[in-house]
Structures are given as structure tokens and as C-alpha cells.
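Peer 1: Turn this into a model:
(chains A and B)
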Amino acid sequence: EPEVTQTPSHQVTQMGQEVILRCVPISNHLYFYWYRQILGQKVEFLVSFYNNEISEKSEIFDDQFSVERPDGSNFTLKIRSTKLEDSAMYFCASSERSGRYEQYFGPGTRLTVT
Amino acid sequence: GENVEQHPSTLSVQEGDSAVIKCTYSDSASNYFPWYKQELGKRPQLIIDIRSNVGEKKDQRIAVTLNKTAKHFSLHITETQPEDSAVYFCAASGSGGYQKVTFGTGTKLQVIP
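Peer 2: Numbering: from 1, shown residues only, chains lettered A, B, ... in the order given. Here you go, the predicted structure:
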């Protein structure tokens, strides 16, 4: 069964550094998402992406965050200047064309900002 | 925006008993309600979902009910097994393929053998 994949599984970075989290969505999916989960808390929506543009974003997704689909397979989340409070598990998800609602989650990248 | 409340936050049941988790949502435009199971350190995995044109859905030991008027939906697990132990999240989403999913706060279910 096709799965969403993410790299790296764990990223440690120093405060103020830039990080790029990578995702490969399921190949026939057209809608892509990033979520984050602070340890022990609920999963929070960050951004959705369709047709090479952001379709919706949350208040968490400020100017420090950006997303990109640099080629036909990858979907990336960039944090320009990391803060301690950015430490969390970041999940990528994808879904098929409109009409099917299921979002399939990747295994996550644990980001630790020191 | 959408707000999803979930309770209880923790639930312990004896193996073989039933478990019920309840959620409420605020946005009447929401029409898709997935339930996710998350094991420690793992991704959320969809276990069942329900759309607003349906009041109940069952899949083996798992069932969901939806009351759109009251904006309530519930997850029922029967004949619980130790491998059901995990955190369960309810969620709500609007129409269309790109709508965000708003998660509840999670229920940690422990099934005691």
C-alpha cells in the first residue's frame, strides 16, 4: 500500500537556524498538508497546498514558515529561523482529488531546537 | 474557526469491555469526521470516518455515531483488546479535498488485560 514518507526522522538544530523538512506524498494525491504536534498535545494544522499554492494556513504558519513543491514528488516545509517553541513532531499528509476526504499521514519528523 | 472538544482525556477499561469517546464540534459547515489512532511515537492512522449524510457507521468492533443537530459524534469500541491501547483523536473537516482537519485533544485509552 502506498505511504507518505518523510525525511529526516529526527532533526536537531540550534535556535535561529533554518531547517527544511521533506515529504514525499502518495503519488496520485493532489492535496498536501503540514501539521505539527507538540509533545503530549493534539495535532495542529499548519498549512494546506494545492495546485502549487497555499490554499489555507493557520495562525501558527507565520512568515517564518514556507512550503514548496520543488519537483513532481517532494513537498517541503521550511522554517527560516527556528525558535525553541518550534520543537515538535511535524507530520506531512496528502489526500486524493476532491470527493475523497481521507488524509494519509507520514511518519513524522521530530524537530528539536536547542 | 472550528473547535473540537473531546472527552474523556484518559480512559481505562478491562479487556473485553466497551470504550466510548465523545466529541463535540462548533462549525455547522463541517461534514467529515475522521477518527485517528496514534500509538506512541507513531503517525496518526485513520481507523474510521463518517460523513454528515450518515448517522452511524460500523466496522467490525468499531462504530461511530453522528448527531449533526447537536454537533456531537462518538466512537464506540467493543470487546476491547490490549492492542487497542493508544491515543485516539476525533477530528472535523469541511467539504472539499483540501480542507484542514481540526483535531480534538485526544483520549488516552488503556486496556487492562
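
Peer 1: Show me which residues of chain B sit near chain A.
Peer 2: Within chain B, the residues that sit near chain A (C-beta under 8 Å from any C-beta of the partner chain) are B:32, B:34, B:36, B:42-46, B:49, B:51, B:89, B:93, B:96-106. In short, each C-beta sits where N, CA and C put it, glycine included.

Peer 1: Which of those residues fall in strands?
Peer 2: Among the residues of chain B next to chain A, DSSP state E puts B:Tyr32, B:Pro34, B:Tyr36, B:Gln45, B:Leu46, B:Asp49, B:Arg51, B:Phe89, B:Ser93, B:Val101, B:Thr102, B:Phe103 in strands.

Peer 1: top of those residues by neighbour count?
Peer 2: Neighbour counts for those, by other C-beta atoms under 10 Å in any protein chain shown, peak at B:Val101, which reaches 28 neighbours.

Peer 1: Pick out the residue closest to the middle of chain A.
Peer 2: Central residue of chain A (C-alpha atoms, centre = their mean): A:Trp34, 3.2 Å from the mean position.

Peer 1: Find the helix or strand that the residue nearest to B:His7 when sequence neighbours are not counted is a member of.
Peer 2: Nearest non-adjacent residue to B:His7, counting by C-beta to C-beta, 6 or more residues apart in numbering or on different chains: B:Lys22, 5.9 Å away. Taking DSSP states H and E as the definition, one finds B:Lys22 inside strand B:19-25.

Peer 1: Could you list the residues in contact with stretch B:53-61?
Peer 2: Stretch B:53-61 is contacted from outside by B:31, B:47-50, B:63-67, B:77-80, using C-beta atoms under 8 Å, 6 or more residues apart in numbering or on different chains.

Peer 1: From those, list just the buried residues.
Peer 2: Buried members of these, scored by 16 or more other C-beta atoms under 10 Å in any protein chain shown, are B:Asn31, B:Ile47, B:Ile48, B:Asp49, B:Ile50, B:Ala63, B:Val64, B:Thr65, B:Leu66, B:Ile77, B:Thr80.

Peer 1: Many thanks, I have nothing further to ask.
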